[in-house]
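Q: Provided below are the primary sequence and the corresponding predicted coordinates.
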Amino acid sequence: MFGSPSRPFRPRRPQPHIVLFSDEEFSTDEEDHVQSNSDEEHQLPLHRDIHDSSSDEGSSTDTDTEPDLLHSGRSLSTTPASASRSLSAGSLGNISRRGSRSSLNGRRASKNSSQTRGPPTESSKSQLYQKVRRIIAFIKEEGLTLAKFMDALSWGNEDCASDSSMASTRRHFFESTEFPILLRRWSKPPGYTTSHKAAPEGAKTRLTEFAIETVIQQVDEELSVLDQYFRPEDGDSFRSHDLIRVDLEELVTAIRENAPVFWEILDSVATTARQKKRNTHKNPTNTILITVAMLLYSRSHYCNKLQRLFAIYLKYKGLSTKGCDTLHSLGLAMSSKWVTDTIDRLSKAAMEEVEEMIQLYAWNVSSSPDLHRPPPVNEIPCGPEHISHEYMLGTMHISETSYEGVAQVMDTILDQLGFKGPEARRKLAEEIIIFWLGDQLTTDRIRNLQKLHCQDFNADECMDNALPVWGWLHALMAWAKSLHKQYLGTEAGYGFRHAFGLLNRYDLLKASTQGPFHEKFERLMEQILEAHIRALWCVVGGVKKLEDLLSKQPSELLSLARFIVDNFASASHMHTPGANVDEVKVQTVMFVRDLLRYFVAKGGIRRGDVGLLKASLPSMLFRFVGGRNSHYSVEFLETLQGLYREWPQEVCDFVTNHCWVLNLSGKRDSHVAADRVMEAGINRAKVICRPKGPNVDWEYLKKLHPVLPVIGHVSDHMEEMFQTWTRYKAHTSPHDTEGILLLQHTYMQANLYQTIPGRRLADGNKAVDYIDEGVQKLEAAMNKWAAA
């Protein structure tokens, strides 16, 4: 024990302060008076959290059952000048339990003292100081140094490693709250502010080296675990459904769970503490993810799950070859050579898949409550099992301006599909009907080729199995152009030219089939129709603004809607007998009727209601006949003849269900015209994924274009993962709403929906009723056919 015989030393109870001793039994028969030298007189003070003071006398007895640090019964005796003291093994075990309570007392005492302390004086030296001095002296007497003592205690040999008391000592030491404090103090020892000497270096260098070594080892182990998550599961497979399996959230979760230390390091250095407080948008997650991906790719080029996506995405977003190789050197993307080789493999895989699919599924070939909406006439089902798959064929350097060129294109397409040789072609012509989808010119050329070869020797040469089908996108373009011609008028009237003037859209005065004219004009027609319908709701409903209709019941609104259609969008109210006809209202009704029919047909395409499209064919035929569009008049006559007179029901169903509209997503209201899908592929080939460089030739394009659907899927997947698509999703323009309100106000001010007998239109503003004109012409032609 330490202290006088009449007043034994009693340590306090809190968290144990562990003092380390050798496991050897030791004692001395001589008096051991520890002399202090001049250097040790100026030892630095201990950290306040474990600082011991002499105020421990009189404390309560510690009843903890922590194992003694020494299990020997022999003792070490010292005889200071003031008193005789003995140190037994059991007492040393109790001494080791010096804890945070004495530290707390030290901290309380320090509140009344100066924050800056100088070297301790002889009178202020604590009992702990004396104890440590004696223990250090004993270690020296045993022929040990502190380093050797710590080495022996820390599993230095088999005996020390297997000893239970040493194991307990080690465990309590490493689990103590003082251990991390000691590490920090060893790394940055405290110094005296009153001294001019530099603060001691401590073990900072060694601890830093050890910390670096430990962190490197830990990060290496974590990256080894992450390796499997950044290797593509499909190996060298490059089909779109394999490439788009990459999920950023799954990769981030894998890093957080399997590399927590590395994630914490990168997250700490990616943002500052100040930035974390004020930042509301910036998120370092993607930065950390890409950093890990680049490091794993540097360790193994097989960890390229993200790199190959970036390479394909960036290459066909316009990145040059040098730019691609630069990113490859940074570990962010694969090389340009890899992209070129991959395109070759993807092209072959795509064509092999085409040959497999045409043996299994339907296919066609293209060369280039009350207010619920009415039930569909015949709607194509949607869902994941009804997704249409697009496969692009290799580009051909063949002109389609001649019949010979069209025939050559058809032969080349069949070759790419695997039907090579006379025998394969003969069998194909006898067993399979091929539906050739295209614009009006393509279908007309194919039909004329069939007429030219009708006397050839076999079904293949006669092209008996070829059935040309026009696309609805090109039909709508011809329809819109017919409306433009019919209702252009003058600015004094209320046709298209009047709307062009109000909305400053004079670029639409001349109809064109090139460029973006159709999209712009279709958008304007939609605004005009919406303005008319809004105005009609206000007039028929007797309100000044649409919001006032909210007070009406659904049944009332349904009755108003039917009244609007029957009286302001129906041919039955266009032909009023008598001389005092209101020509302005009649033409307004005809205008609303024709625009409404156009957008009803367009809505049928979007919903996949092929029954509605089929029902629209007669009125469209009348329009093209009355508007003197002989090309589409022939196409619609041929289609109606096939659907109602010539084709078997299986062929009719295939044309309407598989050739008119397609659904590439499986979602409801996501159908598109089949030829629009074809035009989108052409746009990808010519604009979006247009290759550049001196080595781009027709052979390269032939390999590239079958891969474009895969590139498109990868591009959409990348933009969705990184959310770069959000800025382009909003298409509504404030100018559209302003234009609609302006047109609505103008139409209501002109009283277009009120009957004013005798109101006349100028000759330049009178529009011919193409549908009525077409009925009369077609009836006359049919009478001639019947009489012939």
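A: Happy to help now that I have it. Numbering: from 1, shown residues only.
Q: which residue ranges form the helices in the stretch 501-650 of the chain?
A: Remark: helices assigned in the stretch 501-650 of the chain by DSSP state H, counting those that start in this stretch are 517-541, 554-568, 583-607, 610-626, 630-641, 649-654.
Q: The stretch 101-250 of the chain now?
A: 127-141, 146-153, 158-162, 164-175, 178-187, 204-226, 240-243, 248-258.
Q: do you know which of those helices lies nearest A333?
A: helix 240-243 (13.9 Å; CB to CB). Yep, even glycine has a C-beta here, placed from its N, CA and C like the rest.
Q: ok so, going back, as TSV, the helices of the stretch 501-650 of the chain with mean neighbour count and distance to Y316 would be great.
A: Below are the helices of the stretch 501-650 of the chain laid out as TSV (neighbours: other CB atoms under 10 Å; distance: least, CB to CB, whole Å):
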stretch	mean neighbour count	distance to Y316
helix 517-541	19	24
helix 554-568	14	48
helix 583-607	20	28
helix 610-626	21	34
helix 630-641	17	36
helix 649-654	13	34
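Q: between those, which one is nearest to H671?
A: Closest to H671 of the helices of the stretch 501-650 of the chain is helix 583-607 (CB to CB; 5.8 Å).
Q: Taking helix 554-568 as reference, get the angle to the closest one.
A: Inter-element angle recorded for helix 583-607 and helix 554-568: 120 degrees (by axes from the mean of the first three to the mean of the last three CA atoms, to 10 degrees).
Q: quick one on the thing from earlier: and T253, which of the helices of the stretch 501-650 of the chain is closest to it?
A: Nearest to T253, of all these, is helix 583-607, at 37.6 Å by CB to CB.
Q: and of the helices of the stretch 501-650 of the chain, who's closest to E264?
A: Closest approach to E264 among the helices of the stretch 501-650 of the chain (CB to CB): helix 583-607, 49.8 Å.
Q: and that closest one, what's its mean pLDDT?
A: For helix 583-607, mean pLDDT is 94.
Q: Packing partners of it?
A: helix 472-487, helix 517-541, helix 554-568, helix 610-626, strand 672-673 (3 or more CB pairs under 8 Å, 6 or more residues apart in numbering; DSSP states H and E).
Q: Need the helices of the stretch 101-250 of the chain in a markdown table (columns: mean pLDDT).
A: Shown next, in a markdown table, are those (pLDDT from 0 to 100):
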| stretch | mean pLDDT |
| --- | --- |
| helix 127-141 | 91 |
| helix 146-153 | 91 |
| helix 158-162 | 91 |
| helix 164-175 | 92 |
| helix 178-187 | 90 |
| helix 204-226 | 92 |
| helix 240-243 | 65 |
| helix 248-258 | 91 |
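Q: coming back round to it: output the helices of the stretch 501-650 of the chain in CSV, with distance to G323 appended to each entry.
A: As requested, these are arranged in CSV below (distance: least, CB to CB, whole Å):
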stretch, distance to G323
helix 517-541, 32
helix 554-568, 57
helix 583-607, 39
helix 610-626, 46
helix 630-641, 46
helix 649-654, 46
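Q: so which of the ones you listed gets nearest S335?
A: The closest of these to S335 is helix 517-541. By CB to CB, the value is 38.6 Å.
Q: Between the helices of the stretch 501-650 of the chain, which one is closest to Q130.
A: helix 583-607 (92.2 Å).
Q: Just want the angle from that closest one to helix 517-541.
A: 120 degrees.
Q: so who does M620 touch?
A: Counting by CB atoms under 8 Å, 6 or more residues apart in numbering, M620 touches 475, 479, 601, 632, 636.
Q: before we move on, the earlier item: mean pLDDT lowest for which of the helices and strands packed on helix 583-607?
A: helix 554-568 (a mean of 91).
Q: Return stretch 284-292 as CSV; C-alpha atoms alone will do.
A: Provided in CSV are the C-alpha atoms of stretch 284-292 (Å, rounded to 0.1, in the frame of the first residue of the first chain):
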residue,chain,number,x,y,z
PRO,A,284,-20.9,14.4,-53.1
THR,A,285,-22.4,11.0,-53.5
ASN,A,286,-21.9,10.8,-57.2
THR,A,287,-18.4,12.2,-56.9
ILE,A,288,-17.5,9.5,-54.3
LEU,A,289,-19.0,6.8,-56.5
ILE,A,290,-17.0,7.9,-59.6
THR,A,291,-13.8,8.2,-57.5
VAL,A,292,-14.2,4.6,-56.3
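Q: sorry, back to before: looking at the helices of the stretch 501-650 of the chain, which is nearest to S168?
A: Across the helices of the stretch 501-650 of the chain, closest to S168 is helix 583-607 (CB to CB), at 77.3 Å.
Q: Where do the helices of the stretch 651-788 of the chain begin and end?
A: 674-683, 698-704, 708-721, 734-749, 770-787.
Q: Next, format the helices and strands packed on helix 583-607 as CSV and append distance to N663.
A: Formatted as CSV, the helices and strands packed on helix 583-607 follow (distance: least, CB to CB, whole Å):
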stretch, distance to N663
helix 472-487, 14
helix 517-541, 21
helix 554-568, 29
helix 610-626, 12
strand 672-673, 8
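Q: Select, out of the helices of the stretch 101-250 of the chain, the one closest to V768.
A: Using CB to CB as the measure, helix 240-243 is the one of the helices of the stretch 101-250 of the chain that comes nearest V768, at 50.0 Å.
Q: between the helices of the stretch 651-788 of the chain, which gets nearest to R759?
A: Using CB to CB, the helices of the stretch 651-788 of the chain put helix 734-749 closest to R759, at 14.6 Å.
Q: Many thanks, I have nothing further to ask.
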